[in-house]
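Undergrad: Take a look and give me a structure for this.
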Amino acid sequence: MAFKIMSLTDAAAERIREIMEDSDKPVIGLRVGIKNAGCAGVSYTMDYVSEPLKGDDHVTDHGVDVWVDPKATMYLLGTVMDFEETKMSSGFTFKNPNQTGACGCGESVTLKAADLKAIAEARATA
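TA: Residues are numbered from 1 along each chain as shown. This next block holds a predicted model:
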């Protein structure tokens with residue numbers, strides 16, 4: 001069984017499909033990454049993908065294609081991307097086992113590289 005870098009909830013996949021349908025240009029999926037930002041260290045990035053970038057990791061989940069910036073892969077291993085709506089806001093969320101902290105305003109997080117040994121051991125016992 002192949003290990004996915006990240007996975008999507010049904011709600012995230014549905015929202016990505018809506019974004020793709022509403023785009024003014026041809027879009028085949030999303031690209032997820034991280035960038036230095038905020039008081040906690042990094043924030044997640046998302047961009048339309050009309051043509052994949054060479055070297056990006058590719059995830060297909062719930063019929064949706066997501067490409068992952070290779071610089072972010074070690075920080076996103078095991079992440080579940082969701083889309084949540086409340087009375088006050090809506091947006092994508094990331095349940096990331098590599099997150100060690102977050103800023104109070106919710107704009108940035110602190111991430112550590114994934115523990116590959118623990119992942120390998122978990123896969124071996126699954």
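Undergrad: what separates the closest residue to A37 other than its chain neighbours from I16, distance-wise?
TA: Excluding its sequence neighbours, the residue lying closest to A37 (C-beta to C-beta, 6 or more residues apart in numbering) is S43, at 4.1 Å. (Glycine included, C-beta is placed from N, CA and C.) Here the criterion is C-beta to C-beta, to the nearest Å. By it, S43 lies 19 Å from I16.
Undergrad: Of the two, which one has the most company?
TA: I16 (24 against 16; other C-beta atoms under 10 Å).
Undergrad: The more buried one is in what secondary structure piece?
TA: According to DSSP states H and E, I16 maps onto helix 10-22.
Undergrad: And for M74?
TA: For M74, the element it lies in under DSSP H and E is helix 73-76.
Undergrad: Quick check: end-to-end length of stretch 68-76?
TA: Length of stretch 68-76, first residue to last, C-alpha to C-alpha, to the nearest Å: 9 Å.
Undergrad: How about stretch 55-75, which residues are buried there?
TA: Neighbour-count burial for stretch 55-75 flags 56-57, 59, 61, 64-69, 72-73, 75 (criterion: 16 or more other C-beta atoms under 10 Å).
Undergrad: would you turn the residues you listed into JSON lines with pLDDT, distance to K112 and secondary structure?
TA: JSON lines is the format used below for the buried residues of stretch 55-75 (pLDDT from 0 to 100; distance: C-beta to C-beta, whole Å; DSSP: H, G, I helix; E, B strand; the rest coil):
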{"residue": "D56", "pLDDT": "94", "distance to K112": "22", "secondary structure": "coil"}
{"residue": "D57", "pLDDT": "93", "distance to K112": "19", "secondary structure": "strand"}
{"residue": "V59", "pLDDT": "93", "distance to K112": "21", "secondary structure": "strand"}
{"residue": "D61", "pLDDT": "95", "distance to K112": "24", "secondary structure": "strand"}
{"residue": "V64", "pLDDT": "95", "distance to K112": "27", "secondary structure": "strand"}
{"residue": "D65", "pLDDT": "95", "distance to K112": "27", "secondary structure": "strand"}
{"residue": "V66", "pLDDT": "95", "distance to K112": "22", "secondary structure": "strand"}
{"residue": "W67", "pLDDT": "96", "distance to K112": "23", "secondary structure": "strand"}
{"residue": "V68", "pLDDT": "94", "distance to K112": "17", "secondary structure": "strand"}
{"residue": "D69", "pLDDT": "94", "distance to K112": "17", "secondary structure": "coil"}
{"residue": "A72", "pLDDT": "91", "distance to K112": "13", "secondary structure": "coil"}
{"residue": "T73", "pLDDT": "91", "distance to K112": "13", "secondary structure": "helix"}
{"residue": "Y75", "pLDDT": "87", "distance to K112": "8", "secondary structure": "helix"}
